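>>> Task: produce atomic coordinates for the following.
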Amino acid sequence: MILHDLLPDVSLAEKKLIPAIQVPVQYNVPDLIEDVRSKLLTPPFSLPPKYFYDHHGSTLFDQICNTPEYYPTRTEAKLLGRYCLHIMDTLDVQHIIELGSGTSRKTRHLFDACQILNQTPKYWPFDVCEPMLLQTASSLQKSYDWLSVQPLAGDYSAGLRHLPKADGAGLYVFLGSSIGNFTEPEAVSFLTDVHQHMKAGDSLLLGIDRVKDKQVLEAAYNDQQGLTADFNLNVLSVLNNELAADFVLANFSHQAIFNEQDSQIEMYLQAERDQKINFRQIDEVMKIGQGEKILTEISRKYTLEGIEGLLAQAGMEIIDHFEPADEYFSLILARCQ
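Next up, the predicted model:
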């Protein structure tokens, strides 16, 4: 599939919102019921972090990003603001394809740079939430009258084989240090998928969090306002709402610790008492004892050498690297070897 075959006439794009293209999955992705049955009914208990982001969870995460302790979002945004002109002037791409685009808030730095440089790439935001994609596309087209936006609806973690191929140089964008939510084998597999979809002249812009002082890392996931705790506990409300479960949130506490051996933050919900939880919609029961934990998220942190190794395993190499003076975060520009 070639992008120019899918694009409507630009004048039409300016008049009305372009509907999202549905991107089929390449790999089977378990749904909530499958994940509960395979991961949550017997120890070690866990649940994938994708279930955090109902409406309330998304609102809480936006608030977390503004806390003094949570440095990743603002550090990455500052790097994008500082280096966006250099990045876009170096590449001069025809397409920007963002994986897990969300509200495209930080991506606006790239569009601002394009506007200054008189570049007019097409934007392809790829995310699982179609209403958010359409709302974001509408907002972007109002802010940048030259920008053509074609939303892509689907799960980027389920493979990119069915993602449309782009005519002309493309920039794949993966921000937010989301690569840290993968185990290392998963991260290599994902980046290999990206590599296999890229062609000569394409680039990858990757935001990735760095190893740093344990106290700084743990504070970022244990903010004093308790927003991260509320965010973590909210996943139990998601289970209550979606599967008619009867979790009592007060019976669990939030924990976030840095596992130095595996170089990752681990977020848990710890049971404060022995409990039996009924999932009435699927006729299942979970038993969890006092002190037992549910792993809800990992967030891997990398050294610069670790980043180079990760990309090398996926067949890519770093062509530019941007970091703040404190070396807290890396913005990486990479290409296929």
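>>> where along the stretch 101-250 of the chain do the helices fall?
Assigned by DSSP state H, counting those that start in this stretch, the helices in the stretch 101-250 of the chain fall at 108-117, 130-143, 184-197, 214-220, 227-243.
>>> mind checking which of those helices is nearest Leu304?
Among the helices of the stretch 101-250 of the chain, helix 184-197 comes nearest to Leu304, with 15.6 Å by C-beta to C-beta. In this view, the C-beta of every residue, glycine as well, is placed from N, C-alpha and C.
>>> in that closest one, what's buried?
Glu184, Ala187, Val188, Ser189, Phe190, Leu191, Asp193, Val194, His195, His197 (16 or more other C-beta atoms under 10 Å).
>>> Next, report how far that helix is displaced from the centre of its chain.
On the basis of C-alpha atoms, centre = their mean, to the nearest Å, helix 184-197 sits 14 Å off its chain's mean C-alpha point.
>>> who does that helix touch, helix- and strand-wise?
For helix 184-197, the elements it packs on are strand 170-174, helix 304-313, judged by 3 or more C-beta pairs under 8 Å, 6 or more residues apart in numbering; DSSP states H and E.
>>> before we move on, the earlier item: quick one, which of the helices of the stretch 101-250 of the chain is nearest to Ile319?
Evaluated with C-beta to C-beta, the helices of the stretch 101-250 of the chain place helix 184-197 nearest to Ile319, the distance being 13.9 Å.
>>> And the contacts of that closest one?
Residues from elsewhere that reach helix 184-197 (C-beta atoms under 8 Å, 6 or more residues apart in numbering): 26, 99, 157, 159-161, 163, 165, 172, 174, 179, 182, 204, 300, 310-311, 313-316, 336.
>>> Just the buried ones from the residues you listed?
Buried by 16+ other C-beta under 10 Å: 26, 99, 157, 159-160, 163, 172, 174, 179, 182, 204, 300, 310-311, 314, 316, 336, out of the contacts of helix 184-197.
>>> what's the span of stretch 196-207, first residue to last?
This stretch, stretch 196-207, spans 20 Å end to end (C-alpha to C-alpha, to the nearest Å).
>>> Tell me if I am right that Ile33 is in a strand.
No. With DSSP: H, G, I helix; E, B strand; the rest coil as the criterion, Ile33 is helix rather than part of a strand.
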